[in-house]
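**Q** predicted model follows, preceded by the sequence.
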Amino acid sequence: METALIQYQELVGKIPQLKKEIAKVIVGQEEVLDEVIITLLAGGHCLLEGVPGLAKTLMVKTISQVMELSFKRIQFTPDLMPGDILGTEILEEDHSTGRKFFQFNQGPIFANMVLADEINRTPPKTQAALLEAMQEKLVTYAGKNYALPNPFLIIATQNPIEQSGTYPLPEAQLDRFLLYIKLGYPSEKEELEVLEKTTGTYQSSPQKVLSGEDVKQLQELSRQVHLDSSLLGYINRLIRATRLENTSVSEVKTYVEWGAGTRAGQALVLCAKARAIVKGRFSVIPEDIQQLIYPVLRHRISLHFRAEAEQIDTDFIIRKIVEQVPVHAK
C-alpha cells in the first residue's frame, strides 16, 4: 500500500511539470490542455472544434513529445479511403526462395496519438472505419486482428465554419467521443505573447516528462480515484435531468428533443476521476463534475428546431441543469 502511494505521488507530481513543458510551446488554453490530458488518462478519444489558426496540430504534437508518445496526423479529404488510414496488404517476394506473399502495411492510425484533422471532410465510409478502430482499439484486415498501440488517443478536429461539402458525424458516432472540446480564441495578452514568440528568434524545446508506461499507470490510477456515493448519485441525477421523461428543468422540456444515454454518465465518472488526478487529488469533488459536464454532454443532447430558431445551444441547457440539480439529493 505504501509503495503504491509513493508511486502515485511520484507520477502525479510530474503533471505540473508536464504542463510547464507544454506551456513553453503553447500559450494559454490551459482548460483545453487539461481536457485533452483528461481524455488520455480516462482512456477515451476527443473531438476538438476550433477555427483554423489556433495551433491545434502544434498542441497535439507537443503533448505527444512531452509524453514520449508516437504521433501521426491524417488530413481527412473527400477522396480518403479506409485503407489510407488503416493500412493495406502489399505483395512481397522472399528473394531467397522466390516465394510471393502478402504482408500487411500499417497505416498512420498505428500511433499513440493520432490527429484526425477535419474528420467531417471525408465520406461516412472512411469515418466509420476510423471510429470502429477507435472503439475496438484494433484493426481487422483480411480476417486478422492487428492491435493498435497502447496508450492510444484519437483527437479528431472539426472546423465550425465552411460547412459546405462536409459530412457531419451522425449522433451515434459522436457518442463514441468521450469529450467534445471547444477551442476558443486566446485572450489579448495571450495573443500578444504568441506574436512575440513566433515572429522572433525564440526557440522552444519542451522536455520529455512522462513515458508511455507512466501514462498507462496513470490511466490505471485514475480508475482507483475515490468517488463518494453521494457524488455518483449527483452524476446520475444530472444525466437523467437531460431526458424529457425524467427532468424538472423547464429549459430541457422546452428545447431538448432527446437526452443523453447511460454512456454519458460513465464518461462523466471517468473524466471526473481523471481530472482529480490532473489536479493532484485522489478524490473527486463537485467542481470536477461541474467543469466536465459541458464537454461530456454537449454532443450527447439533441435540440429541436425551436432551440435553433432562438439560438439556444447545448451549453445553455447544460448550465441550466447544473444550476437546478442540487449536489446533494433532497
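**A** Structure received.
**Q** number of nearby residues for residue 35?
**A** 28 (other Cβ atoms under 10 Å). All C-beta atoms are positioned from the backbone trio N, CA, C, and that covers glycine.
**Q** can you report phi and psi for the residue nearest the centre of the chain?
**A** Geometric centre of the chain, nearest residue: residue 46, 2.1 Å, by Cα atoms, centre = their mean. When quoted as degrees, to the nearest 10, the phi and psi of residue 46 stand at phi -130, psi 150.
**Q** tell me how far it lies from residue 261.
**A** Using Cβ to Cβ, to the nearest Å, residue 46 is found at 18 Å from residue 261.
**Q** still on that earlier bit, surely the residue nearest to the centre of the chain and residue 183 touch.
**A** No: with contacts counted by Cβ atoms under 8 Å, residue 46 stays clear of residue 183, the gap being 10.9 Å.
**Q** contacts only, for residue 149.
**A** By Cβ atoms under 8 Å, 6 or more residues apart in numbering, the contact list for residue 149 reads 70, 110-112.
**Q** in a markdown table, list those residues along with secondary structure and neighbour count.
**A** Shown next, in a markdown table, are those (DSSP: H, G, I helix; E, B strand; the rest coil; neighbours: other Cβ atoms under 10 Å):
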| residue | secondary structure | neighbour count |
| --- | --- | --- |
| 70 | coil | 12 |
| 110 | coil | 19 |
| 111 | coil | 21 |
| 112 | coil | 20 |
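**Q** show me which of those residues is closest to residue 189.
**A** In terms of Cβ to Cβ, no member of these lies closer to residue 189 than residue 112, at 33.1 Å.
**Q** please name the nearest non-neighbouring residue to that closest one.
**A** Nearest non-adjacent residue to residue 112, counting by Cβ to Cβ, 6 or more residues apart in numbering: residue 69, 3.6 Å away.
**Q** same check on residue 18?
**A** residue 209 (4.4 Å).
**Q** what about that neighbour, how many neighbours?
**A** Neighbours of residue 209 using other Cβ under 10 Å come to 19.
**Q** low-confidence stretches in the stretch 101-250 of the chain?
**A** 162-165 (pLDDT under 70).
**Q** what ranges does it have for its helices?
**A** Counting by DSSP state H, counting those that start in this stretch, the stretch 101-250 of the chain has helices at residues 124-136, 171-174, 188-198, 212-223, 229-240, 250-255.
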